[in-house]
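Engineer: test case, fold it:
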Amino acid sequence: MPSILLRLRFLAALAALSACNLPLTSAAPTPLAVPPSATNPPVATETPRPTETNTPQPSETASVTATLLPSETPSASPSPTFSFPQVTVNQQAHCRYGPAKAYLHAADLYPGDAGSVRGRFQYSGWLYVKFDKLNYFCWVAPSVVTVSGDVTTVRFTEPSLPGPSVLYAPPDWVSAAREGGKVVLTWAQVDMTEDDDRGYFLDLWVCQDGAYLWWTVALDNDTKTSYTVKDEAGCSAPSGGVLYAVEKHGYTRPKPIAWPAP
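Structural biologist: As a prediction, this is how the structure comes out:
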């Protein structure tokens, strides 16, 4: 009997122990999420840098200047050459140092002498010509030449007188006295040798009949020391002028004339 009782107690204890290990019937608890902070962050792997290699630098060389090939440009057309009007002498005449008959003789001209017109005078129409046979320029009246070309294409030119004389001075004095519509000019004599003596030259502007005129006068020897010219009121510009003594080589310096008002 006692052994049976022991067995029963053993079986009961064994059953109780087995009941303690049975699973619960309720839902199994959700496992706790691991907080992010608790997660070990991935370790950044360092990307290996490329191995720095020394690139050889080019050795220093002298700079080279590039030579530019010339661009193709059209050839320049030559400028047209100005054609001076041509003249041919049509009668025996004089070429002079100024644009009027009162100026000194510069050369003799004969029919057929040719040249080119290089200038003209505004107040007389005379032409400044380079004749082929001469190595200098002189003035001719348009009436003694035949012109080929347009003389209006050449510029106005002022006379350039030979001188001033190194042998003679201008008159020491000159006076102008008015007598109504005339002015009487007188001056001191310039004593010249007979060979040198070419008298005097008056280069004047006067008023006559309301016209303002360029007026030139030649007196042929040194004893002629007076001249009377018509000069009136009525012009917009004042009258006046200069006096020269003239010798065979040229003109003295000009002597200004103090002109009386009308």
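
Engineer: partners of the strand ranked longest in the chain, with directions?
Structural biologist: Looking across the chain with DSSP state E, the single longest strand is strand 197-208. Using DSSP bridges, strand 197-208 pairs in its sheet with strand 211-219 (antiparallel), strand 240-247 (antiparallel).

Engineer: what does the helix or strand following the shortest one contact?
Structural biologist: If you walk from strand 240-247 toward the C-terminus, the next helix or strand you reach (DSSP states H and E) is strand 250-251. Outside of strand 250-251, the residues within contact range by CB atoms under 8 Å, 6 or more residues apart in numbering are 104, 161-165, 201, 244-245. Heads up, the C-betas are built off the backbone N, CA and C, glycines and all.

Engineer: isn't there a strand covering residue 100?
Structural biologist: No - going by DSSP: H, G, I helix; E, B strand; the rest coil, the assignment for residue 100 is coil, not a strand.

Engineer: just give the nearest non-adjacent residue to it, would you?
Structural biologist: Once flanking residues are discounted, residue 100 sits nearest to residue 216: 4.6 Å by CB to CB, 6 or more residues apart in numbering.

Engineer: so what's the residue count around the one you found?
Structural biologist: 17 (other CB atoms under 10 Å).

Engineer: identify the residues contacting it.
Structural biologist: Residue 216 makes contacts with 98, 100, 102-103, 201-204, as judged by CB under 8 Å, 6+ apart.

Engineer: mind listing what's buried along the longest strand of the chain?
Structural biologist: Under the neighbour-count criterion of 16 or more other CB atoms under 10 Å, strand 197-208 has 197-208 buried.
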